[in-house]
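Novice: next come a sequence and a model predicted from it.
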Amino acid sequence: MSEIHVQEDSKKILHQIEEDLYRPIKKHDQGSVAWLVFVLTIVAVGFYAWTHQLKVGLGVTGLRDYVSWGMYLGNFVFFVAVSLIGMLISSVLQLLGYKWVTPITRIAEQIAIAAVALAGIIIIMDMGRPDRVLNVIKNARFASPILWDVTVITTYLTISVLLIYLPLIPDLAMMSKRLTGIPLWQRKTYQILSLNWNGNEQQMQILKKAIRILLILIIPVALSIHTVTSWLFAATLRPGWDSTIFGPYFVTGAFVAGCAAVLIVMFVYRNRYGLHNYLEDKHFDLMCKLLVLTSLVYLYFNINEFLVPAYKMRKLEGAHIHELFSGKFAVMFYLVQVGGLILPIVLLLFKKMRKPVPAFIIAIVVLIAAWFKRYLIVVPTMLHPTLPIQFVPENFSHYVPTGTEILVTSFSIGMAILIITILAKVFPVIPVWEYAHEKGVKEKDLFD
């Protein structure tokens, strides 16, 4: 009798989990439609601005001979940074055996895929001529960091897609059999993508082995993607970029931005889809602690990055530091350092601040500050070239993003949000079979 009760309990738990976690896929209310229309409008307006830029040329932007890298390159570095969270949560923490990350892994991978895809797109938009991206491949120079950047971005995107797809296979098999209220074509698509999965022991062993290989493989690739991105700057002799710590400086900053992005998406999913029992207060608490840890390491690198040049104040470095500390970028600099780094660390030390609502607000501030941080990495240095600015038009000596650049930036952000939205509407945002297995559901009940 006890065995029958255990089996019945197992099926009840599974039924409840499926009912809750399939809700985002089946939910088609006015709010969903309104949100999709809003995001698509942003994307459409931004895409129109880009087509206008293609027709007229980069003259419609604020980019000139001196500031040839502006908001677009800041966007690129920002998206690459956010994408690294997929590696930290899905790979490192899972390999270390932290079970609490199970409900968050797919969220982190969704963000990683959206961010790294947009990192590639924004570079093409910055080129002015999209066809010129072929020159990177045709005229490949192994000494060029740009070639390696293209290589690691493509590799990281490929592994991230595989890393979200492989754990989805059992979920796809379950959805093709048990998910109701969806069109027949959608059910057939799930069935095809599940690759005839039936959950036998051999399939499970192969799947777990393949996932583990990817979890290990993605670590060096993810570290490479942002390290190589930092070399695009550090390989020059420009003040502000000529640094030997740019690799770890960029990587730790990426973890800060990524943790903030995950907290935001967690909060939205939890409240929009009623996932309070899955994305619990403890998950927000632990993610906030992770954010504090990464922020402390990043703060250490920030102190090293600015303290030594500020102490020496060499001519070119001194002009750059002066511009950040007391010049026209000072307000932005202090808001980023204090409001986006120091203050969140202090606030999140208090348990009340690690609750979902305050954590969500702090994460938004941190993510916005992370974007402005990338802007400060790119623009001020370009306004202090190694040769003096002279005998050029006045607008060459400063940089202000134009409406076109702002709209194209909104396109990239909108596209990232759209990708995450689509993934949430098509696939469960939390791994059903993994979560159910951890809650004691028998494997034979999962795939019957």
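Specialist: Received, thanks.
Novice: run a quick neighbour tally on the nearest residue to residue 330 once chain neighbours are set aside.
Specialist: The shortest distance from residue 330 to any non-neighbouring residue, by CB to CB, 6 or more residues apart in numbering, is to residue 324 (6.6 Å). (Glycine included, C-beta is placed from N, CA and C.) Neighbour count of residue 324, defined by other CB atoms under 10 Å: 22.
Novice: count of residues packed around residue 364?
Specialist: Neighbour tally, residue 364, other CB under 10 Å: 15.
Novice: flag every buried residue along the helix or strand harbouring it.
Specialist: Assigned by DSSP states H and E, residue 364 falls within helix 356-382. For helix 356-382, a neighbour-count test (16 or more other CB atoms under 10 Å) marks 356, 358-360, 362-363, 365-367, 369-382 as buried.
Novice: now swap in stretch 24-33 and tell me
Specialist: 24-25.
Novice: for the stretch 51-200 of the chain, give me the ranges with low pLDDT.
Specialist: For the stretch 51-200 of the chain, applying pLDDT under 70 flags no range at all.
Novice: mind listing the helices for it?
Specialist: Applying DSSP state H, counting those that start in this stretch to the stretch 51-200 of the chain gives helices spanning 71-83, 85-86, 94-95, 102-126, 133-138, 145-165, 168-178, 184-193.
Novice: tabulate those helices (a markdown table), appending distance to residue 403.
Specialist: Converted to a markdown table, the helices of the stretch 51-200 of the chain look like this (distance: least, CB to CB, whole Å):
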| stretch | distance to residue 403 |
| --- | --- |
| helix 71-83 | 11 |
| helix 85-86 | 31 |
| helix 94-95 | 43 |
| helix 102-126 | 15 |
| helix 133-138 | 25 |
| helix 145-165 | 28 |
| helix 168-178 | 40 |
| helix 184-193 | 40 |
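Novice: tell me the most buried of the ones you listed?
Specialist: Highest mean neighbour count among the helices of the stretch 51-200 of the chain (mean count of other CB atoms under 10 Å): helix 85-86, with a mean of 29.
Novice: still on that earlier bit, to residue 306, which of the helices of the stretch 51-200 of the chain lies closest?
Specialist: Closest approach to residue 306 among the helices of the stretch 51-200 of the chain (CB to CB): helix 71-83, 17.9 Å.
Novice: now the angle from the closest one to helix 102-126?
Specialist: Here helix 71-83 points in a direction 160 degrees away from that of helix 102-126 (axes from the mean of the first three to the mean of the last three CA atoms, to 10 degrees).
Novice: helix 71-83 - contacts with which helices or strands?
Specialist: Helices and strands touching helix 71-83, by 3 or more CB pairs under 8 Å, 6 or more residues apart in numbering; DSSP states H and E, are helix 102-126, helix 145-165, helix 201-234, helix 246-272, helix 356-382, helix 403-426.
Novice: and the last one, how far from the chain's centre?
Specialist: Which is helix 403-426. Centre-to-centre, helix 403-426 and its host chain are 12 Å apart (CA atoms, centre = their mean, to the nearest Å).
Novice: show me what the mean pLDDT comes to for whichever helix or strand comes after that helix.
Specialist: As assigned by DSSP H and E, the chain's next helix or strand after helix 403-426 is helix 432-438. For helix 432-438, mean pLDDT rounds to 86.
Novice: quick check, distance from the helix or strand that helix 432-438 is followed by to the centre of its chain.
Specialist: The helix or strand immediately downstream of helix 432-438 is helix 443-446, counting by DSSP H and E. In this view, helix 443-446 has its centroid 34 Å away from the chain centroid, taken as CA atoms, centre = their mean.
Novice: same check on stretch 141-149?
Specialist: A distance of 23 Å separates the centroid of the chain from that of stretch 141-149, by CA atoms, centre = their mean.
Novice: which other residues reach it?
Specialist: Stretch 141-149 is contacted by residues 136, 140, 224-225, 228-229, 231-232, 235 when judged by CB atoms under 8 Å, 6 or more residues apart in numbering.
Novice: can I get the residues you listed in CSV with distance to residue 433?
Specialist: Formatted as CSV, the contacts of stretch 141-149 follow (distance: CB to CB, whole Å):
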residue, distance to residue 433
136, 40
140, 42
224, 31
225, 29
228, 36
229, 35
231, 40
232, 41
235, 45
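Novice: top of those residues by neighbour count?
Specialist: Neighbour max across the contacts of stretch 141-149 (other CB under 10 Å) = residue 225, 28 neighbours.
Novice: contacting residues around it?
Specialist: Contacts for residue 225 (CB under 8 Å, 6+ apart) come out as 80, 83-84, 116, 149, 152-153, 156.
Novice: gap between it and residue 165?
Specialist: 19 Å (CB to CB, to the nearest Å).
Novice: hang on, the earlier thing: which pLDDT value belongs to the residue nearest to residue 330?
Specialist: pLDDT at residue 324 comes out at 90.
Novice: isn't it right next to residue 383, touching?
Specialist: No: look at residue 324 against residue 383 with CB atoms under 8 Å: they stay out of range, at 11.0 Å.
Novice: from the contacts of stretch 141-149, pick the one nearest residue 398.
Specialist: Checking the contacts of stretch 141-149 one by one against residue 398 (CB to CB), the nearest turns out to be residue 232, at 23.0 Å.
Novice: ok, and the closest non-adjacent residue to the closest one?
Specialist: Residue 232 sits nearest to residue 145 (CB to CB, 6+ apart), 5.0 Å away.
Novice: ok, residue 272 - contacts?
Specialist: Residue 272 neighbours (CB under 8 Å, 6+ apart): 24, 31.
Novice: same thing but 10 Å
Specialist: Contact analysis of residue 272 by CB atoms under 10 Å, 6 or more residues apart in numbering lists 23-24, 27, 31-32, 35, 424, 429.
Novice: just put those residues in JSON lines and tack on pLDDT, secondary structure and distance to residue 194.
Specialist: What follows is the contacts of residue 272, written out as JSON lines (pLDDT from 0 to 100; DSSP: H, G, I helix; E, B strand; the rest coil; distance: CB to CB, whole Å):
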{"residue": "23", "pLDDT": "87", "secondary structure": "helix", "distance to residue 194": "20"}
{"residue": "24", "pLDDT": "86", "secondary structure": "helix", "distance to residue 194": "19"}
{"residue": "27", "pLDDT": "77", "secondary structure": "coil", "distance to residue 194": "22"}
{"residue": "31", "pLDDT": "86", "secondary structure": "helix", "distance to residue 194": "30"}
{"residue": "32", "pLDDT": "87", "secondary structure": "helix", "distance to residue 194": "25"}
{"residue": "35", "pLDDT": "93", "secondary structure": "helix", "distance to residue 194": "29"}
{"residue": "424", "pLDDT": "93", "secondary structure": "helix", "distance to residue 194": "19"}
{"residue": "429", "pLDDT": "93", "secondary structure": "coil", "distance to residue 194": "18"}
